[in-house]
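this is a predicted model, with the sequence first.
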Amino acid sequence: MAHLINSDVFLAFSTYTTIVILKMMLMSPLTGYFRITRKAFQNWEDTWMAKKDPEERKKMLQTNPDVERVRRCHQNDLENIIPFVVIGLLYALTGPDLSMALLHFRVFVGSRFIHTVAYVMPLPQPSRALSWIVGMITTFSMAYRVFTTALNL
Amino acid sequence: MAHLINSDVFLAFSTYTTIVILKMMLMSPLTGYFRITRKAFQNWEDTWMAKKDPEERKKMLQTNPDVERVRRCHQNDLENIIPFVVIGLLYALTGPDLSMALLHFRVFVGSRFIHTVAYVMPLPQPSRALSWIVGMITTFSMAYRVFTTALNL
Amino acid sequence: MAHLINSDVFLAFSTYTTIVILKMMLMSPLTGYFRITRKAFQNWEDTWMAKKDPEERKKMLQTNPDVERVRRCHQNDLENIIPFVVIGLLYALTGPDLSMALLHFRVFVGSRFIHTVAYVMPLPQPSRALSWIVGMITTFSMAYRVFTTALNL
């Protein structure tokens, strides 16, 4: 374990994974912020802040395009960042060069930050599509190394 | 690896992670239970149990508020428990005190059980909001230790 | 770490995890394919390919049953494959027999490929339900071994 923690590649993996997971987690408060400012909730009990009359609370049970946009961005994070973490962990254990590993981790994490900005702003396409594809290719590239190093069907 | 498995912190991580992942997995059968009792399905082929006439089957393709509630709870689990597992694994490898690690794991797992009960019952707010925030803070606290131990950009 | 990588069980885990995570990732391009061929998008900026008149672009902001089907399949993957990866990693570290480990990994990965085909085609029920249940049981079986080996509350 001491060995694991002293490996520079594993340290880099830990750092970039923590950054990108924290970015993903921050989509939850962001959704909450849009829900409160747009007054758009999904659960009756969430409208307790507007304690007054039931009519007003009922109106707050609505979907809002800004809220749905942030939620789609969060969902895309789940669909892309979790595969990166899993494949990245196995990749880090294959003993790659530190410079190659850093390149993969930095490109992926950068692409996800750009993706989030492009989705939430939103920026015109194909900025979001390109940032998504760059992240996919980075993960595929790490998966290729895992396969060529560890294939054991 | 023998070392990994003998580390008390890693054993505790394994135990609490398995508990909370099993809790998350049980949301799937719970969704199925609500779908069957509320007769609310999303796929035409899922209404095969009501073999009789197509009219009756068509009516079963509906959304139901109880089913949607359980699905939102499941989604919230994905958004919070997976970051806990990833950050918690890296945290366990930073060599924290066993008592501090147990405190983090127990508070997080407890907060998610309360969150599920508060969401599915449902309990009045802010019980669900508080249980969600406690889980977030626990994960942020572990991420802080990973950063201060392993930062390598 | 050299030890980790030389362990046959861990190599098998790496291989099957990479396969099933790649299968999950391919649901994203499949969703994109259905979105483009069915002309069904969720974001205004995604309709930029139909550059012409705003009327035509507005019509493309629709939900389509084929797209929603692929998205539900992707969501089911997230709900089942991620627990497999987490529990499977802990299971691999408990030092199981290689033959037992391979049985678990092969049955799970096979069940998820059948699940995807059964969902996207779609095949008549209960083919999808059975493939889902087989995957769940495989993960529960690995969790049982993690508990009996590593329980430390």
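Yes, it's here.

use CA for all of it now, contacts and neighbours both
Fine.

other SSEs contacting the longest helix along chain A?
Taking DSSP state H as the assignment, the helix of chain A that covers the most residues is helix A:65-93. Secondary-structure packing of helix A:65-93 (3 or more CA pairs under 8 Å, 6 or more residues apart in numbering or on different chains; DSSP states H and E): helix A:8-25, helix A:27-38, helix A:98-120, helix A:127-150, helix C:8-25.

buried ones in the shortest one?
This means helix A:27-38. Using 16 or more other CA atoms under 10 Å in any protein chain shown as the test for burial, helix A:27-38 gives A:27-28, A:31, A:34-36, A:38.

likewise for stretch A:87-98?
Neighbour counts over stretch A:87-98 (16+ other CA under 10 Å) mark A:87-95 as buried.

can stretch A:16-31 be said to contact chain B?
Yes: judged by CA under 8 Å from any CA of the partner chain, stretch A:16-31 comes into contact with chain B through A:16, A:18, A:21-22, A:25, A:28.

no, scratch that, I was asking about stretch A:39-53
Yes: residues of stretch A:39-53 contacting chain B under CA under 8 Å from any CA: A:43, A:45-46, A:48.

ok, these vs A:Leu61, which is closest?
Proximity of the residues of stretch A:39-53 next to chain B to A:Leu61 (CA to CA) peaks at A:Asn43, which lies at 7.0 Å.

burial of the closest one, as a residue count?
A:Asn43 sits with 18 neighbouring residues when counted by other CA atoms under 10 Å in any protein chain shown.

how near is it to B:Thr63?
The gap separating A:Asn43 from B:Thr63 is 15 Å, by CA to CA, to the nearest Å.

cool, and A:Phe41?
17 Å.

so between the two, which is more surrounded?
Between A:Phe41 and B:Thr63, counted using other CA under 10 Å, A:Phe41 has the larger neighbour count: 22 against 14.

helix, strand or coil: sort out that one for me.
coil (DSSP: H, G, I helix; E, B strand; the rest coil).

what's the closest non-adjacent residue to it?
A:Leu61 (4.9 Å; CA to CA, 6 or more residues apart in numbering or on different chains).

does the one you found sit in a helix, a strand or a coil?
From three-state DSSP, the assignment for A:Leu61 is coil.

what residue lies at the spatial centre of chain A?
Geometric centre of chain A, nearest residue: A:Asp77, 3.1 Å, by CA atoms, centre = their mean.

isn't the residue nearest to A:Phe41 up against A:Ala40?
Yes: the criterion here is CA atoms under 8 Å, and A:Leu61 meets it with A:Ala40 at 5.8 Å.

between those two, who's got more neighbours?
Using other CA under 10 Å as the criterion, A:Leu61 and A:Ala40 rank with A:Ala40 on top: 22 against 16.

surely A:Leu90 is in contact with A:Tyr144?
No: if you go by CA under 8 Å, A:Leu90 and A:Tyr144 don't touch, sitting 11.0 Å apart.

now do the same for the closest residue to A:Lys23 other than its chain neighbours: its pLDDT.
Computed as CA to CA, 6+ apart, the closest residue to A:Lys23 that is not its neighbour in sequence is A:Phe113, at 7.9 Å. A:Phe113 is assigned 97 on the pLDDT scale.

buried residues of stretch A:129-144, list them for me.
Residues A:131-132, A:134-136, A:138-140, A:142-143 are the ones in stretch A:129-144 that count as buried (16+ other CA under 10 Å).

do it and chain C meet?
Yes: for stretch A:129-144, a contact with chain C is found by CA under 8 Å from any CA, at A:140, A:143.

contact partners of that stretch?
Stretch A:129-144 has contacts (CA atoms under 8 Å, 6 or more residues apart in numbering or on different chains) with A:80, A:83-84, A:87-88, A:91, A:104, A:107-109, A:111-112, A:114-115, C:18, C:22.

now swap in stretch A:32-44 and tell me
A:47, A:57-58, A:60-64, A:66-67, B:69.

ok, of these, which come out buried?
A:47, A:57, A:60-61, A:67, B:69.

hang on, the earlier thing: between the buried residues of helix A:27-38, which is closest to chain B?
Nearest to chain B among the buried residues of helix A:27-38 is A:Ser28, at 8.0 Å by CA to the nearest CA.

report the contact partners of the closest one.
Taking CA under 8 Å, 6+ apart as the criterion, A:Ser28 is in contact with A:74, B:79.

low-confidence ranges in chain A?
A:1-6, A:152-153 (pLDDT under 70).

rewinding a little: now list the buried members of the residues of stretch A:16-31 next to chain B.
Taking 16+ other CA under 10 Å as the criterion, what is buried in the residues of stretch A:16-31 next to chain B is A:16, A:18, A:21-22, A:25, A:28.

scan the residues of stretch A:39-53 next to chain B and report the most crowded one.
Ranked by the number of neighbours (other CA under 10 Å), the residues of stretch A:39-53 next to chain B place A:Asp46 first, at 20 neighbours.

show me the contacts for that residue.
Applying CA under 8 Å, 6+ apart, we find A:Asp46 in contact with B:Gln125.

let's see 10 Å
By CA atoms under 10 Å, 6 or more residues apart in numbering or on different chains, the residues touching A:Asp46 are A:35-36, A:40, A:57, A:60-61, B:124-126, B:128-129.

ok, it to chain C distance?
According to CA to the nearest CA, to the nearest Å, A:Asp46 and chain C sit 25 Å apart.

tell me the contacts of the residue nearest to A:Lys23?
Going by CA under 10 Å, 6+ apart, A:Phe113 touches A:20, A:23-24, A:119, A:131.

A:Ile19 now?
Neighbouring residues of A:Ile19 by CA under 10 Å, 6+ apart: A:13, A:25, A:109, B:143, B:147.

please apply the same query to A:Leu103.
A:Leu103 is in contact with A:97, A:138, counting by CA under 10 Å, 6+ apart.

correct me, but A:His115 touches A:Ile81?
No: here A:His115 lies out of contact with A:Ile81, judged by CA atoms under 10 Å, at a distance of 11.6 Å.

shared neighbours of those two, anything?
Here A:His115 and A:Ile81 have A:109, A:135 as joint contacts, going by CA under 10 Å, 6+ apart.

what about the residue lying farthest from the centre of chain A, distance to chain C?
Relative to the centre of chain A, the most outlying C-alpha is that of A:Asp53, 38.3 Å out, by CA atoms, centre = their mean. Look at A:Asp53 and chain C: by CA to the nearest CA, they are 34 Å apart.

what does A:Ala92 give?
10 Å.

what's near enough to touch that residue?
Applying CA under 10 Å, 6+ apart, we find A:Ala92 in contact with A:4, A:7-14, A:98, A:101, A:142, A:146.

between the buried ones among the residues of stretch A:16-31 next to chain B, which is nearest A:Leu151?
Using CA to CA, A:Tyr16 comes nearest to A:Leu151 of those, at 25.7 Å.

and the residue lying closest to the closest one once chain neighbours are set aside, how many residues sit next to it?
What sits nearest to A:Tyr16 in space, not counting adjacent residues and going by CA to CA, 6+ apart, is A:Phe105, at 6.4 Å. When neighbours are defined as other CA under 10 Å, A:Phe105 has 26 of them.

same question for A:Arg106.
For A:Arg106, the count of nearby residues is 16 (other CA under 10 Å).
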